[in-house]
Structure formats: structure tokens, C-alpha cells
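A predicted structure for the sequence below; I have some questions about it.
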Amino acid sequence: MRAYRDEHERSIAAPEEFWGEAATAVAWTREPKQVLDADHPPFYRWFPDGELNTCYNALDRHTEEGHGERVALIYDSPVTGMRTRYTYAELQEQTARCAGMLRSLGVGKGDRVVIYMPMVPQAVVAMLACARLGAVHSVVFGGFAPQELAVRIEDAKPKVVVSASCGIEVSRVIAYKPMLDEALKLADHTPDACVILQRPEAAAEMTDRDVDWDEAMAAAEPAECVPVAATDPLYILYTSGTTGRPKGVVRDNGGHAVALAWSMKNVYDIGPGDVWWAASDVGWVVGHSYIVYAPLLAGATTVLYEGKPIGTPDAGAFWRVISEYGVKALFTAPTAMRAIRKEDPEATLLAEYDMGAFRTLFLAGERLDPDTYTWASRVLGVPVIDNWWQTETGWPIASNLRGLEPMPVKPGSPTVPVPGYDLQVLDEEGNQVAPGQDGAVAIRLPLPPGSLPTLWNDDERYVSSYLSQYPGYYVTGDGGYIDEDGYVFIMGRTDDVINVAGHRLSTGAMEAVIATHPSVAECAVIGVRDSLKGQVPRALAVLKAGSDIGQDVLARELVQAVRSQIGAIAALKEVDVVPALPKTRSGKILRRAMRAMADGVQEPVPATIEDPAVLESLRPVLDREKR
């Protein structure tokens, strides 16, 4: 690990030298002379005197260097049957025209544009068009409820909203326009115009405020790139807050471009012409960073997929895309692998496809349990690499750096801190703990380029939410440990650490044991109130397809497994088999919502929930009064 350790140590000891070198991979209209402004902690700014345009770096730079015919974007939509390829020259032309359209509607440098769209190429074009103008985009996950969309419109105050008539799921069409209209009734702020992409699956009723995408694009004059300060915001991405009021994570232009360009080469081993697929959504940070910006900054080909890992049409959907387009690396969530495994436990559908170009599977978004890691490694025969990061950081905090120095994998660990991140595990007093000891995972300031410099219009909340618990540190909200080899283990949110009779226990550790059972497809462990022990664990398990084990037998086996591998102190006694676990649209299991239901606490259903009916179906299982 010498190459890694040298680079990581240099990034912490000499960050200005390290990131100054990394910045040479980016095209600047004014090269920065200062790498880091550290004069106003905790508000650190990267490349404060630099000037650039992110869209130019993602598109125009490649066409000017003679790569205009290289494929930039592959759109694959099994829900509509559409498949389209865009070269860098074609994507640049579409983006410049879209920027001209937005400019004709009054959008300029610093103005906000809310994008409320499904996984269609026009969503990518709209994002890049905002960057081209120096405008600030805020993508809201397509299909978000009107109230949640209204909150974001009210906070961002967009000049224009870009949307579509509908989104398409496996078994239904979701009309977006009525939800947008309702959101605008709820919000005090009113945009000047709404641009609507009409999709043939469901046409939208237009009002005087609405502009047809196709008509406006046809009439638009292409717009050139507008240089902006490196510290100017590129986008706002809202993430759930503990108060119920979303937090607007700000991403700047300069640090973002430098960090993502560095990560594609060093973390993911992806370069010009490689085919890369992040199977996420542009409404989430993975979509921002690794569907849109990072692969285009690197000159790679990015896949935009409007479908699911199963049901479009079957559990071989991912293998079909990888085979058809020669995908070198896939980035998705462990939930996707568990869904595929549940439907096709032996991956028999994999044999139908040529996976010869496939080199690496990257997983992130939630903890990668060792059982899912083992299964994916076995059936795919390629390295399976965990990533750990957050909306706030914008790119990985910990990973196995495939382009810098590939390392041995330890199941359950995302491997090591990425250069730029001074990762520490702290006790309750803020002292660094010994290797192998659990604690709060924190990052010593300054955060590296690409991480949030603050929250949108709310410096005070930025400090109180992330920086106040341990002065000089960003608190991730996750618990875990670093072992004697420097490998990071993330055991879950700190509020998922339960206290059983005075003993702090990780529900993630229990889940890791339960997930190894041959009949379990996925599981969740939550801590519920107990009058004697404070909290006790409850386990919920989803069975693999075709499993016929009885619940009582499974419960006995799982309780015994946890007892033998973690100890009797874990006190796991209750295990329920359920048909599904409630999740966010990005695949995270809603443990907090299940815990509140089990404790009889009234808590709002998270706006990010994929299917509220799944959570509600668990009420008879979780609610003690109804058991």
C-alpha cells in the first residue's frame, strides 16, 4: 500500500500542493494562483481566484481536442423501448441550444433552475445547460410529492422549472405535471416559466406559464459557455434534515470539477473512451456526480438507464446492458444486487450475456454486507468494490483505489480513506480511539475539494448540523472503526447503534450475521424500546425466492447465529419474515421509520420513500399494541 499511503499522507500534509497538481487536469479560463483559502474557518474555499466553466470541461473541451465523434451518452430505456446514443458533438449541440432556450426565458449567471424530470437525456442536457450559463440547478427526484417539491422551489427560488409530462415505472405511468402544478400552488415563490417535455405516454395540459420543450428548443439560438468563479455554486441538492426541513447542499464549480476528474482516474480507473454505468438517478448525488459530471469530465461514455434491476424485464437486465454496450465498470447500490439475487439466486441469466468487457462492480449508498459481497464476487468473477460517501461530500470518502493502487478487499469494509480525507474515529469526548475500537466517524477540516462548502443560504445550519459536535471536524453521522491495517468499517448511522443494558451494539454487525443465512435475501435490524434493557434488537428478514423455511425455524437459527457470533448480550429474540423492506428511492432501508413505528412514535413518513405501502404493511408486525 506504499503508493496509496504516500499519496494520502501528501494530501493531508500538503493539501495545496496535492490539489494544485490535480487542478491541472481541468481547463481554466483563469488559472488559480491560490489553491486553498483557509482564512475564515470553518468556511474553507478551494481555488478562490480561479475561473472556469464546468460544461466546457465536460463537453466543449473534448470536441475541441478532436473527440467530437466519441460517444458521450448512451440512453437505454427498457420501460419505453428507446435506445439512443449521443456523441460529444451532439450532446454539446443539444446543451448549447438548451442553454440558449433558458437564456431566452431570462436565466443568467447565478439564477436558479429547478429540474424535475425522469431519467431521460433531456434531464442531463438541462443540467449541463445550466452549468453552461453559470446558472445553479437543483434537481428534484422525478415523482417527488407536491409538498416536497414545493419546499425545494420555495428555498431555491428558481427563475425557471424544467419538467416532463410524466415518468414511467415498471407497471405504471406517473403524471408529473399535475404534481408540479400543485407544488406551485403550495409555494409562495412563482417561477417565470415552466418548460415541459411532452412524452407520448402521457401528455400534459399546458397553461400560459408553460413552454413546450421541443418547440422552445427548435427556436433557440445556441449559447456559449459563461466563465464563473471556482467558488460560485454549480448546483443545490437537497438532502433530508432531522427537523423535516431539507438541507440544500451546495456544490461549487472549481473544487467539484477537480475532485471528480481526480476520482474517475484514481478511484474508478476510468478514462477517455471507457464505457461507465452508474445505475442511479439524476435526482440523487450519485446521479449528479457519476452519471453526469465525472464521466464526461473524464471523456468517458456514460450510460443513462431508465429501468430497474429486475422487472424490466427480468433479473438479467443489468447483465444485458453491460453486455450490449461493453460496460467496463458498474456503480450501483447493494440493494440492486440483493434484488437480483432474490429473483435469480444462482445468476442463471448471466450465462446469456457476454460480460467480457466488464472489469469492476462498485457498490455504494448503503452498507455492503459481506454476504452480498460474497455472492456478487462469486457470480461475476470481478472485483466487487465498496464505496462510502455522502450527499454532502459528493464523491467517495473511503474506497479501494483501483486506478491508484488496487488493494486486497476485506468484506464489510470500503477499504481505506481516499486522499484528501483525514478520517478519524472519535469517542464521546472527541478523542481519537485505538484501532479496532468503535466510535463516531469524523473528518478533520478542511474537507477536500468537491465537498460542500456550506448549505444554501444557511451557514448557521451548516455549522450546527455538521461542525459543532467536535470542533475542527465534520461529523459524518456514521459510526464505525478503523482496523490495524487502516481499513475503514462503517457500521451504520450513529442512531442505529443501540444500547442494550448499557452495552453499545451495532445493528449493522447483527445484520451481517443474519445476511449469511442461506434463506435470507436481505434484512434489517432495529433497536426498539425495552423497559428493562433500554433497547433490544428486532430483526426483519426477506426470504430468497423459492425458500420454504418456516418462520419459527428461521428465527431459532438466526437468534443462535447472532448469539454465537456476537454474544448473548445482543439479546436478539424476535425475528419476523416480511415480504419486503421499506426503502428510499435510492435504495436505503428506512430503519428509523421502522423503529419509530415499533416504538409507537408518530414520525412523518420520509419524502424519499419509494413505496409507503411497504412501510404501512409492517405496522401489524412492528406495532406492539397490534401484535
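That came in fine, so what should we check first?

Tell me where the longest helix sits in this structure.
helix 88-104 (DSSP state H).

which residues are in contact with the very next helix or strand once past it?
As assigned by DSSP states H and E, the chain's next helix or strand after helix 88-104 is strand 112-116. With contact meaning CB atoms under 8 Å, 6 or more residues apart in numbering, strand 112-116 is reached by 102, 107, 123, 126-127, 130, 135-140, 142, 144, 149, 152-153, 156-164, 176, 180, 191, 236, 282. C-beta: built from backbone N, CA, C; applies to glycine.

Pairing partners for strand 112-116, with directions?
Strand pairing for strand 112-116, determined by DSSP bridges: strand 136-139 (parallel), strand 160-164 (parallel).

Could you dump the ones you listed into JSON lines and include mean neighbour count and distance to Ala13?
Below are those laid out as JSON lines (neighbours: other CB atoms under 10 Å; distance: least, CB to CB, whole Å):
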{"stretch": "strand 136-139", "mean neighbour count": "26", "distance to Ala13": "34"}
{"stretch": "strand 160-164", "mean neighbour count": "27", "distance to Ala13": "44"}
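
Let's have these in TSV, adding distance to Tyr466.
Formatted as TSV, the strands paired with strand 112-116 follow (distance: least, CB to CB, whole Å):
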stretch	distance to Tyr466
strand 136-139	20
strand 160-164	29
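
thinking again about what came up before, now do the longest helix of the chain: which elements does it pack against?
helix 61-64, strand 71-77, helix 121-133, helix 213-219 (3 or more CB pairs under 8 Å, 6 or more residues apart in numbering; DSSP states H and E).

deepest of the ones you listed, which one?
For the helices and strands packed on helix 88-104, average neighbour numbers computed from mean count of other CB atoms under 10 Å are highest in helix 121-133, which has a mean of 27.

Send me that one as PDB with only the CA atoms.
This file holds the C-alpha atoms of helix 121-133, laid out as PDB (Å, rounded to 0.1, in the frame of the first residue of the first chain):
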ATOM      1  CA  PRO A 121     -31.400  12.600 -21.900                       C
ATOM      2  CA  GLN A 122     -33.100  16.000 -21.600                       C
ATOM      3  CA  ALA A 123     -32.500  15.900 -17.900                       C
ATOM      4  CA  VAL A 124     -28.800  15.600 -18.500                       C
ATOM      5  CA  VAL A 125     -28.900  18.300 -21.100                       C
ATOM      6  CA  ALA A 126     -30.800  20.700 -18.800                       C
ATOM      7  CA  MET A 127     -28.200  20.200 -16.000                       C
ATOM      8  CA  LEU A 128     -25.300  20.900 -18.300                       C
ATOM      9  CA  ALA A 129     -27.100  23.800 -19.900                       C
ATOM     10  CA  CYS A 130     -27.400  25.500 -16.500                       C
ATOM     11  CA  ALA A 131     -23.700  24.900 -15.900                       C
ATOM     12  CA  ARG A 132     -23.000  26.400 -19.400                       C
ATOM     13  CA  LEU A 133     -24.800  29.600 -18.400                       C
END
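
what is the orientation angle of it with strand 71-77?
140 degrees (axes from the mean of the first three to the mean of the last three CA atoms, to 10 degrees).

Which other helices and strands does helix 121-133 contact?
Packed next to helix 121-133, using 3+ CB pairs under 8 Å, 6+ apart, are helix 54-55, strand 71-77, helix 88-104, strand 112-116, strand 136-139, strand 160-164, strand 233-239.

How far does it sit from its chain's centre?
19 Å (CA atoms, centre = their mean, to the nearest Å).

tell me the mean pLDDT for it?
Across helix 121-133, the average pLDDT comes to 98.

shift numbering so it begins at 867
Sounds good: first residue 867 from here, last item helix 987-999.

got the buried residues for the helix or strand of the chain with the lowest mean pLDDT?
Lowest on mean pLDDT, DSSP states H and E among the helices and strands of the chain sits strand 1369-1372, with a mean of 74. If you call a residue buried by 16 or more other CB atoms under 10 Å, then strand 1369-1372 has these buried ones: Leu1371, Ser1372.

From the contact counts, what lies against whatever helix or strand comes next after it?
Next in sequence after strand 1369-1372, counting helices and strands by DSSP H and E, comes helix 1373-1380. Contact here means 3+ CB pairs under 8 Å, 6+ apart; on that basis helix 1373-1380 packs against strand 1354-1359, strand 1386-1396, strand 1400-1409, helix 1417-1431.

among these, which is nearest Arg963?
strand 1354-1359 (43.4 Å; CB to CB).

So which bits of the helix or strand that the closest one is followed by are buried?
Downstream of strand 1354-1359, the first helix or strand assigned by DSSP H and E is strand 1363-1366. For strand 1363-1366, burial by neighbour count (16+ other CB under 10 Å) applies to Val1363, Ile1364, Val1366.

now Ile1455: how far from Leu1481?
Distance of Ile1455 to Leu1481, computed by CB to CB, to the nearest Å: 11 Å.

Name the residues contacting each of those two.
Joint contacts of Ile1455 and Leu1481 (CB under 8 Å, 6+ apart) are Pro1448.

Tell me which residues are up against stretch 918-934.
When contacts are defined by CB under 8 Å, 6+ apart, stretch 918-934 is touched by residues 892-896, 936, 938, 953-955, 957-958, 961, 965, 994-995, 997-998, 1000, 1091-1094, 1096, 1100, 1119-1120, 1122-1123, 1127, 1138, 1158-1159, 1162-1163, 1165.

Span of that stretch from start to end?
21 Å (CA to CA, to the nearest Å).

Check stretch 1048-1062 too.
Terminal-residue distance, stretch 1048-1062 (CA to CA): 15 Å.

Then stretch 1073-1092?
Stretch 1073-1092 end-to-end distance (CA to CA) = 31 Å.

again, but for stretch 1271-1286
16 Å.

list the buried ones in that stretch?
So, applying 16+ other CB under 10 Å, buried residues of stretch 1271-1286: 1271, 1273, 1275-1276, 1278-1286.

Same check on stretch 1328-1343?
Quick answer for stretch 1328-1343 (16+ other CB under 10 Å): Tyr1328, Ser1331, Tyr1332, Leu1333, Gln1335, Tyr1336, Tyr1339, Tyr1340, Val1341, Thr1342, Gly1343.

which residue packs closest to Met1273, ignoring adjacent ones?
Asn1266 (5.3 Å; CB to CB, 6 or more residues apart in numbering).

Any chance you could list what contacts the least confident helix or strand of the chain?
Asp1304, Gly1345, Met1357, Gly1358, Asp1362, Val1363, Ile1364, Asn1365, Pro1403, Ile1432, Ile1435, Ala1436.

What about those residues, which one has the most neighbours?
Ile1364 (26 neighbours; other CB atoms under 10 Å).

So for Thr1108, what pLDDT did the model give?
51.

Now for Ala1144: which residues touch it?
Val1152, Gly1153, Tyr1156, Ile1157, Pro1161, Thr1168, Val1169, Leu1196, Phe1197, Thr1198.

Please work out how many residues are found near the second one.
Residues lying near Gly1153 (other CB under 10 Å) number 24.

In three-state terms, label it for me.
Three-state call for Gly1153 (DSSP: H, G, I helix; E, B strand; the rest coil): helix.

for the fourth one, same thing?
At Ile1157, secondary structure determined by three-state DSSP is helix.
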